[in-house]
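Visitor: Coordinates for the following, if possible.
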Amino acid sequence: MKTLSENYDIAIVGAGISGLTMAFKIAQSGKKVLLLEAKNKVGGCLNTLYGEDGFWVEMGAHTFYSSYTNVIDLIQSVGLEADIVAREKLSMKLYTDKHEKIFAPVSKLELMFNGPKLFVSKRDGKTVKEYFSNIVGKKNYDKVFSRMFSAVIVQNADDFSAEYFLKRRKTKSKNHPKSFILKKGMSSISEAIIAHDNIAIVYNQKVNSLEKGEIFTINTEDGNSYQAKDLAFASSPKEVSGLIEGLNPELADLMNDFPIQNLESTALILDKDKPGIEPTTFVIPTQGACYSMVTRDVLVHEKYRGFACHFQKNDVSNDDQVATMSQLLSVKEIPQTVKANHTLPLIKIGHRERMSAIIYQAEKTGIYITGNFFNGLSLEDCVERSNEEVKRYLDNQ
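Guide: Numbering: from 1, shown residues only. Here you go, the predicted model:
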């Protein structure tokens, strides 16, 4: 085993948006940060596919909102404020056996009958299906809204906690567009963060064991060993569970309690005149294995259009994916595509109590944990949670 001689103030396992945020905020304080990433690139859900002539399309997260005040602060801090661009205002489409307006199949009568229940219904203790079926009507939910909501969180929404779905945010920036993107794509945030002088990053380093003494020793599958005074985790809850079993079995059990959704995103770039559909933001199929197709049409390019389809991994073959994309794009042939794998947790009922227990056990163990399974799945939720852990870390110094 090769031990790297340099000691760090903190090592962070995982370099998605949660780990990157935590690394950057701590590095700003003057601390030396080590990021350990199991893949050959950083960003996680910040995953931009770059093509020719500066064109790009998002394979993961794709939109910022003015209510994302923690994210906006991060964008400003890394010097990308000038790159903010408002999204073009385009409609969404449903795909049944043809492209339709988003609410075309919805029964207006059922919606009018159930809609007033919105003002008296409470989300606590209910799944998305239980809560919204009562508001939009069971038939409407099963026919349209189940698929629409699943497209939002890129997994089956039925059993998701209603309390953490489409959260109402109290803050909103008045100085930014309601929804926006960055000129060079979301991965530009990742690149700006890892350029910080106090951040060191190692790629293709999958952590397989930990040792805790006066400092932490982090061992990887490649036989390397890294040392740091403090340790943080910003990766899948099941991965964290396996690593901390020896530190705190109770915490490991809590972390292992999240069902993980494995996704495969398939993207392609086409000449502008090739797709047979008009510019749109999303296409949501009402059946089949594709949760949604997200477009780059919200930022017009003179030569190209870009698309990314999100599937449950291993649910359909590559040929079936190509056939689905051909239908959604109204094209006969699909050129070469690029694939990316992502994981998302299912946030279940009782999440708030589960998180309280995890936070208590993490503090008791002397480690830091962040990720998309605390405050919610969105970029704002991830950055918000990382900011909370950064504050706790700095307060402990």
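Visitor: What segments of this protein are helices?
Guide: Counting by DSSP state H, the chain has helices at residues 17-28, 69-77, 108-114, 128-136, 138-140, 146-153, 187-194, 237-244, 249-255, 318-329, 351-365, 379-395.
Visitor: Give me the buried positions along the last one.
Guide: Buried positions in helix 379-395, judged by neighbour count with 16 or more other Cβ atoms under 10 Å: 379-390, 393. The way it works is simple: take the backbone N, C-alpha and C, and place the C-beta from them, glycine included.
Visitor: Give me the distance between it and the centre of its chain.
Guide: Computed by Cα atoms, centre = their mean, to the nearest Å, the separation of helix 379-395 from the middle of its chain amounts to 16 Å.
Visitor: now for that helix, which elements pack on it?
Guide: With contacts defined as 3 or more Cβ pairs under 8 Å, 6 or more residues apart in numbering; DSSP states H and E, helix 379-395 has these neighbours: helix 17-28, helix 69-77, strand 224-233, strand 368-369.
Visitor: For these, could you give me a markdown table that also reports mean pLDDT?
Guide: As requested, the helices and strands packed on helix 379-395 are arranged in a markdown table below (pLDDT from 0 to 100):
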| stretch | mean pLDDT |
| --- | --- |
| helix 17-28 | 98 |
| helix 69-77 | 98 |
| strand 224-233 | 96 |
| strand 368-369 | 98 |
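Visitor: most tightly surrounded among those?
Guide: helix 17-28 (a mean of 27; mean count of other Cβ atoms under 10 Å).
Visitor: okay, the angle between that helix and helix 69-77?
Guide: In terms of direction (axes from the mean of the first three to the mean of the last three Cα atoms, to 10 degrees), helix 17-28 departs from helix 69-77 by 50 degrees.
Visitor: Put the alpha carbons of helix 17-28 into CSV.
Guide: Output in CSV follows, covering the C-alpha atoms of helix 17-28 (Å, rounded to 0.1, in the frame of the first residue of the first chain):
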residue,chain,number,x,y,z
ILE,A,17,-22.3,18.9,-6.6
SER,A,18,-22.6,18.1,-2.8
GLY,A,19,-18.9,17.2,-2.4
LEU,A,20,-17.7,20.0,-4.7
THR,A,21,-19.7,22.6,-2.8
MET,A,22,-18.4,21.5,0.6
ALA,A,23,-14.8,21.4,-0.8
PHE,A,24,-15.0,24.9,-2.2
LYS,A,25,-16.6,26.5,0.9
ILE,A,26,-14.0,24.9,3.2
ALA,A,27,-11.1,25.8,0.8
GLN,A,28,-12.2,29.4,0.9
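Visitor: can you tell me how far the residue positioned nearest the centre of the chain sits from D73?
Guide: Central residue of the chain (Cα atoms, centre = their mean): C45, 4.6 Å from the mean position. Distance of C45 to D73, given as Cβ to Cβ, to the nearest Å: 19 Å.
Visitor: L328 too?
Guide: Here L328 is placed at a distance of 36 Å from D73 (Cβ to Cβ).
Visitor: By mean pLDDT, flag the weakest helix or strand of the chain.
Guide: Within the chain, no helix or strand scores below strand 2-13, which has a mean of 78 by mean pLDDT, DSSP states H and E.
Visitor: The closest residue to I218 other than its chain neighbours and Q28, how far apart?
Guide: In space, and not counting its chain neighbours, I218 is closest to Y226: 4.7 Å by Cβ to Cβ, 6 or more residues apart in numbering. Counting by Cβ to Cβ, the gap from Y226 to Q28 is 22 Å.
Visitor: go on, T63?
Guide: Plainly put, T63 is 26 Å away from Q28 if you go by Cβ to Cβ.
Visitor: what domains does the record give for this structure?
Guide: Following automatic domain parsing, one gets these domains for the chain: 2-44+183-258+350-395, 88-176+260-345.
Visitor: Please tell me I have it right and R352 contacts E163.
Guide: Yes. Assessed by Cβ atoms under 8 Å, R352 is found in contact with E163 at 7.3 Å.
Visitor: the more surrounded of the two?
Guide: For R352 versus E163, the count of surrounding residues by other Cβ atoms under 10 Å is larger for E163: 20 against 11.
Visitor: measure the closest residue to H196 other than its chain neighbours to T217 for me?
Guide: Nearest residue to H196 in three dimensions, chain neighbours excluded: A27, at 4.8 Å (Cβ to Cβ, 6+ apart). To T217, A27 is 22 Å away according to Cβ to Cβ.
Visitor: ok, now L329?
Guide: Distance of L329 to T217, computed by Cβ to Cβ: 50 Å.
Visitor: Give me the more crowded residue out of those two.
Guide: Per other Cβ under 10 Å, whichever of L329 and T217 has more neighbours is L329, with 21 against 17.
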